[in-house]
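K.L.:
here's a sequence, model it:
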Amino acid sequence: MRLETAVSKINNINWKNDGEFTKKIHFGYEYLRRLAQFYKEKQLKPKSPAFSNIPRFLGDIEGDIDISTYYNTDILMVFENNQSIKNIVEWYLQLARYADKCPEASQYLRVYEPLINLLECGGDFFMNNIGLEIKNEGYYPFNNWFENFVDAEPHDINDL
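P.N.:
Residues are numbered from 1 along each chain as shown. From the prediction side, this is the model:
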């Protein structure tokens, strides 16, 4: 059920947007804050956000999900051109699949939701091992990211 909902959410994104996202909402900030909270709660040593596959950290043994079975060529072309978006969407779906088997894991879907919400609004992002860039929002370097976000105040990203 959660996987089905997540697939539907991703399929409803307008992947042919023109990249003119201009809302000043703190999607990147909130993603990093929620990810830091996950690491703190689970008492795990923080990894780079670019490599934070939460389902794997929770014990998902099924591994990567084959996204080509769920999406059309427009979406797959975006994934081919932006590995960061592909990773976040794959991890989001993998976590949704895992939450169908282990419902307590569903609470962690909210970690990825800021970046999924950004895509729903027509935004774009790029992430590598040194930082997260959100087009028209800002750049978040990953040096000391955990320390900078673990006790940060939440920002409301629901007022779209």
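K.L.:
show me what contacts the residue nearest in space to the middle of the chain?
P.N.:
Residue closest to the average C-alpha location in the chain (C-alpha atoms, centre = their mean): residue 112, at 3.2 Å. Taking C-beta atoms under 8 Å, 6 or more residues apart in numbering, we find residue 112 in contact with 31, 54, 88, 91-92, 95. Any C-beta I mention is one placed from the backbone N, CA and C, and that applies to glycine too.
K.L.:
so which helix or strand of this protein has the lowest pLDDT on average?
P.N.:
helix 73-81 (a mean of 80; mean pLDDT, DSSP states H and E).
K.L.:
so what touches that helix?
P.N.:
10-11, 13, 15-16, 67-68, 71, 85-86, 89.
K.L.:
give me that answer again for 7 Å
P.N.:
15-16, 67-68, 85-86 (C-beta atoms under 7 Å, 6 or more residues apart in numbering).
K.L.:
residue 34 - that's part of a helix, no?
P.N.:
Yes: per DSSP: H, G, I helix; E, B strand; the rest coil, residue 34 lies within a helix segment.
K.L.:
longest single helix anywhere in this protein?
P.N.:
Counting by DSSP state H, the longest helix found in the chain is helix 83-101.
K.L.:
list the buried residues of that one.
P.N.:
84-100 (16 or more other C-beta atoms under 10 Å).
K.L.:
as a markdown table, the contacts of helix 73-81 with pLDDT and distance to residue 149 would be great.
P.N.:
A markdown table is the format used below for the contacts of helix 73-81 (pLDDT from 0 to 100; distance: C-beta to C-beta, whole Å):
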| residue | pLDDT | distance to residue 149 |
| --- | --- | --- |
| 15 | 79 | 29 |
| 16 | 75 | 32 |
| 67 | 74 | 28 |
| 68 | 72 | 33 |
| 85 | 92 | 21 |
| 86 | 91 | 24 |
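K.L.:
which one of these is nearest to residue 36?
P.N.:
residue 85 (21.2 Å; C-beta to C-beta).
K.L.:
where does the chain dip in pLDDT?
P.N.:
Where the chain drops to pLDDT under 70, the residues are 17-24, 158-160.
K.L.:
what about 50?
P.N.:
160 (pLDDT under 50).
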